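*Asks:* A predicted structure for the sequence below; I have some questions about it.
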Amino acid sequence: MTTPDITFYTAKSPNGVKVSIVLEELGIPYKAREISIKDDEHKQPWFLKINPNGRIPAITDHSRGDFHVFESGAIMIYLCEHYDPEGKLLPKDPNLKSQVIQWIMFQMGGLGPMQGQAGFFNRYGPEKIPYAIKRYTDETKRLYSVLNGALESKEYLVGNKFTLADAINFSWVRVHFLSGIESIDEFPNLKAWVARIGARPAVQKGLNVPVPDNIQELMDNSEKLDESIKNARIAFKWNSTDEK
């Protein structure tokens, strides 16, 4: 197997930590390059050559001819295909592999977009739109119920071991309160799963890339949370209806 030489372009977000968790779980050497959203670095020509969609995360695999990969789910699969020969996070068994990919699609096509919209309309948008808040919050909770049911009598989503299926969904569920969902007590299997994954040493390392994780601080301190929301509105130009 080729020795990895990877630059990881990221910022503080659930989508970014998905990838750093995988890098840490697989023990892949990498250099984290923080992208400044506030300064529109993700829109610069050099970065658009790496990710034409102008979003984080992305990687450049220097050990494979400076090959670029964007979209978090695609990056996670790429890393396993090239640097997980034992099938630790992406099983070799075709049925188990399919199940993992199904949960990746569930997050990329459902949980991420729905929870992201719930967060925007609950916390970050320039105006409160009750219909949008209810629609996206209810759908996010429905998706939580799907995960909660899938975790009945199980510790992990696929094959009862930690895989990409867990990593990709965990990064979003753990920040539920940022989306206006204060508690997940009604989903006991899901709540226990979040705690179980969060206790993994490699996950803890991944959560602190590219900057120290402050989720618990935001949960415990409403003033810090308000400041974080204010800064996000500025960084993403969400201060007015003239969204950039």
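*Replies:* Perfect, thanks for sending it.

*Asks:* please enumerate the helices of this protein.
*Replies:* All helices of the chain, identified by DSSP state H, fall at 14-26, 45-48, 72-83, 94-106, 112-119, 130-150, 164-173, 188-198, 201-207, 215-220, 222-235.

*Asks:* so of those helices, which one's packed in deepest?
*Replies:* Highest mean neighbour count among the helices of the chain (mean count of other CB atoms under 10 Å): helix 164-173, with a mean of 27. Heads up, the C-betas are built off the backbone N, CA and C, glycines and all.

*Asks:* of the helices of the chain, which is nearest residue 8?
*Replies:* Closest approach to residue 8 among the helices of the chain (CB to CB): helix 14-26, 6.5 Å.

*Asks:* what angle do the closest one and helix 112-119 make?
*Replies:* Going by axes from the mean of the first three to the mean of the last three CA atoms, to 10 degrees, helix 14-26 is angled at 130 degrees with respect to helix 112-119.

*Asks:* residues in contact with helix 14-26?
*Replies:* With contacts defined as CB atoms under 8 Å, 6 or more residues apart in numbering, helix 14-26 is touched by 6, 8, 10, 28, 30, 32, 55-57, 59, 72-73, 75-76, 79-80, 83-84, 88-89, 112, 162, 164, 167-168, 170-172, 174-175, 200, 202-203, 205-207, 209-210, 213.

*Asks:* at 6 Å instead, please
*Replies:* Helix 14-26 is contacted by residues 10, 30, 56-57, 72, 75-76, 79, 83-84, 167-168, 171-172, 175, 202-203, 205-207, 209 when judged by CB atoms under 6 Å, 6 or more residues apart in numbering.

*Asks:* returning to that earlier point: which stretch in the helices of the chain has the least confidence?
*Replies:* Lowest mean pLDDT within these: helix 222-235, at a mean of 84.

*Asks:* tell me which residues are up against that helix.
*Replies:* With contact meaning CB under 6 Å, 6+ apart, helix 222-235 is reached by 37-38, 123-124, 217-218, 239.
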